[in-house]
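K.L.:
Mind folding the following:
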Amino acid sequence: MLIEIEGIKKIYEVGTEQVHALRGISLGIDTNEYVAIMGPSGSGKSTLMNILGCLDTATVGIYRLDEVLVGELTDDELAYIRNRKIGFVFQTFNLLPRADALHNVELPLVYAGVSPRDRRERALSALEAVGLADRSHHRPNELSGGERQRVAIARALVNDPTIILADEPTGNLDSATGKEILALFQRLHELGNTILIVTHEEYIASQTHRVIRLLDGHVKEDRRVAGFARPS
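P.N.:
Numbering: from 1, shown residues only. Next up, the predicted model:
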């Protein structure tokens, strides 16, 4: 099991009140699963994604990532996991506006201490994988929305992560470009990547192999899409 969470709760202190974002979630995700996490605003899906991505920690509960107890890790160890094991794709792309596509993709490798020559080769390879090798020296404002999201996906892939976490990755794209990005995620899954997508869109969820629906901090539904078996 790649991801195991048991009894995860997240409580935020807001003034004198407590906000219960997650209320005891337990689930497991295998290597090479393709999962959609759905739910209305306030359901806890972004909080769950942040915990799975080691961007936040649970108030109560156990999280094992690749058999490692995340709750026992230091800040430096958590940073290492975020840089080496998890690739993030955000709705707003989060690209450096003054850096070209190549440098944006190189960034995780800079933080990992990879040599300039190696990181350039790996970044070019990642851009090629998303069909943007010929746009490597273009800045974000010289790229379309779909191309910017492809750069963001290349950046997520460049360290060969264990998991790709995508938060509303087609939210700022038109429908045709969104379908192109989903086709890219499908190809990445077929290459062996484990992918989790937070989405409001039923169409996007229908492209995945498993749908987890949250409501008020609980798992309301956890089902596999017809025709897709659990990875062996």
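
K.L.:
For beta bridges, what are the partners of the residue nearest the centre of the chain?
P.N.:
Closest residue to the average C-alpha location of the chain: L165 at 0.9 Å, with Cα atoms, centre = their mean. L165 has these beta-bridge partners by DSSP bridges: F88, L196.

K.L.:
Correct me if wrong: it contacts C54.
P.N.:
No - at 9.9 Å, L165 does not count as touching C54 under the criterion of Cβ atoms under 8 Å. Backbone N, C-alpha and C define where each C-beta goes, glycine included.

K.L.:
Show me the common contact partners of the two, please.
P.N.:
In terms of Cβ atoms under 8 Å, 6 or more residues apart in numbering, L165 and C54 are both contacted by the residues I86.

K.L.:
tell me the contacts of G217?
P.N.:
Contacts of G217 (Cβ under 8 Å, 6+ apart): K10, H20, A21, L22, R23, I25, S43, G44.

K.L.:
how close does the third one get to T170?
P.N.:
Plainly put, A21 is 24 Å away from T170 if you go by Cβ to Cβ, to the nearest Å.

K.L.:
now do the fifth one
P.N.:
With the distance defined as Cβ to Cβ, R23 ends up 29 Å from T170.

K.L.:
So for those two, which residue has more residues nearby?
P.N.:
T170 (24 against 17; other Cβ atoms under 10 Å).

K.L.:
these two touch, right, that one and G178?
P.N.:
Yes - between T170 and G178 there is a contact at 3.5 Å, judged by Cβ under 8 Å.

K.L.:
Now for the two: what residues contact both?
P.N.:
By Cβ under 8 Å, 6+ apart, the residues touching both T170 and G178 are I204.

K.L.:
which stretches of the chain form strands?
P.N.:
3-14, 17-29, 34-38, 60-65, 68-69, 86-90, 163-167, 194-198, 210-215, 218-224 (DSSP state E).

K.L.:
Kindly state which of those is positioned closest to E147.
P.N.:
With Cβ to Cβ, the closest approach to E147 among those belongs to strand 86-90: 13.9 Å.

K.L.:
List the buried residues of the closest one.
P.N.:
I86, G87, F88, V89, F90 (16 or more other Cβ atoms under 10 Å).

K.L.:
So which of these is the closest to V105?
P.N.:
G87 (11.1 Å).

K.L.:
residues contacting the closest one?
P.N.:
R155, A156, L157, V158, N159, P161, I163, I164, L165.

K.L.:
same thing with L27?
P.N.:
I3, I5, I212, V219, D222.

K.L.:
Grab the nearest non-local neighbour of the last one.
P.N.:
The spatial neighbour of D222 that comes closest, neighbours along the chain excluded (Cβ to Cβ, 6 or more residues apart in numbering), is I212 at 5.0 Å.

K.L.:
what's the distance between that neighbour and G15?
P.N.:
Distance from I212 to G15, by Cβ to Cβ: 31 Å.

K.L.:
Of the two, give the one with the bigger neighbour count.
P.N.:
I212 (22 against 6).
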